[in-house]
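Chemist: Sequence plus the predicted model coming up.
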Amino acid sequence: MTDLPPPQPPSPPSPPPKKRSKGCVIACVVVGVCALVLIPIAGLVLAILMPAVFGALEMANRASCANNLSQIGKAGQAYAAAHKQQWPKIPYEKDAPWNEIGNTRKDQLKAGEKPPVGQVLAEDDSGRQVESNTANLWALVSAGYVTPATFICPSTDNQRDDTVTDFTAVRDFRGPSFVSYSFQNCWGDYRLRSTGSTNSSAFAIAADANPQRADFTAAGGAAAQYLAKKPRLVHETWGKEAVAGAWELNSPNHHFRGQNVLYLDGHVEWTDNPWCGVMYDNIWVMRNEGGTAIQDAATATLEALRSWDDGKSYDGKKALPADSVDDSFLVP
């Protein structure tokens, strides 16, 4: 017969639940009310401050971009001093394209293409003729006057070309994603000279990228998307709106708000429209492609500039003549 365990004493009764004090309840209510009030206020403060923060960042980027162009200008002047006052002019083939950035690079990366997986080293295709105006800018790099990083506008998502270890081994940038600036057209019989302009302080030689660049105007490109919205341009100088064409846009680099422009005398200016060359010359186009009439700054409008025709005058005023040494045409 087994012994039974001794009986256990009964468990003590559970204590009654504590009641929250009125002070605790009031504190919880106050915290909840504060959260309901402060969260929307915090959101409002962020909504107010973020544009200011982004605006300050863009202003800093503009200043850095302007410094890049200033460095390019100094590099060009140094190059010209060593080459009989001539800026770079890479040999070209007659009637060849001038907008195939990186066409001489075996590691060329065209607009929209993704870089291959793994390390890629820069390599020149010596059998190909240069078909890119930016090769003239690369000449400043290969001569040691400036580095590839100088050609990247910080307001863009362009990237520095880190595949190059010997700058003299290639003749151009790798592709449009590796250069943010357009340069005075050096194709044809025209050769850019430091002393070639009759008004060097107003002659534009480089700027943020031309909005007509192929990767901008292609389907899905920045300019194509912008134009699809039928933007209404308002320029402070003109004070009048108009629907724009690609050649009337500002550079995409700074969200179409304007561009930094390098002039032949070395100074850099921020402009809110592309009619910023000699005699209101449009820096994106050749003289005979519209928008090149001389105008009084107080009365000039988009309509007035569009009314330019082959009469070579507007309201009796002379316009920039064809084939003028003062005609800026920044490409690509």
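Modeler: Structure received.

Chemist: for the stretch 1-150 of the chain, which spans come out with low pLDDT?
Modeler: Scanning the stretch 1-150 of the chain for pLDDT under 70 picks out 1-33, 35, 38, 42-55, 93-96, 117-119.

Chemist: Does residue 202 lie in a helix or a strand, and which?
Modeler: Applying DSSP states H and E as the criterion places residue 202 outside every helix and strand.

Chemist: And residue 262, by the same measure?
Modeler: strand 259-263.

Chemist: And that strand, what does it pack against?
Modeler: helix 22-82, strand 204-208, strand 268-271 (3 or more CB pairs under 8 Å, 6 or more residues apart in numbering; DSSP states H and E). In short, each C-beta sits where N, CA and C put it, glycine included.

Chemist: Partner strands of the last one and their direction?
Modeler: Taking DSSP bridges as the criterion, strand 268-271 sits next to strand 259-263 (antiparallel) in its sheet.

Chemist: Next, the angle from the strand it pairs with to strand 204-208.
Modeler: Strand 259-263 and strand 204-208 are oriented at 150 degrees to each other (axes from the mean of the first three to the mean of the last three CA atoms, to 10 degrees).

Chemist: which other residues reach strand 259-263?
Modeler: Surrounding strand 259-263, the residues in contact under the criterion CB atoms under 8 Å, 6 or more residues apart in numbering are 62, 65-66, 69-70, 72-73, 200-208, 250-251, 253, 268-271, 274, 276, 283.

Chemist: CA atoms of that strand as CSV?
Modeler: Provided in CSV are the C-alpha atoms of strand 259-263 (Å, rounded to 0.1, in the frame of the first residue of the first chain):
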residue,chain,number,x,y,z
GLN,A,259,22.5,76.9,-67.0
ASN,A,260,26.0,77.9,-66.1
VAL,A,261,27.8,79.3,-69.1
LEU,A,262,31.5,79.7,-69.7
TYR,A,263,32.6,82.7,-71.8
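
Chemist: What average pLDDT does that strand get?
Modeler: Computed over strand 259-263, the mean pLDDT rounds to 96.

Chemist: Would you mark the buried spots in it?
Modeler: Applying a neighbour-count criterion of 16 or more other CB atoms under 10 Å, the buried positions in strand 259-263 are 259-263.
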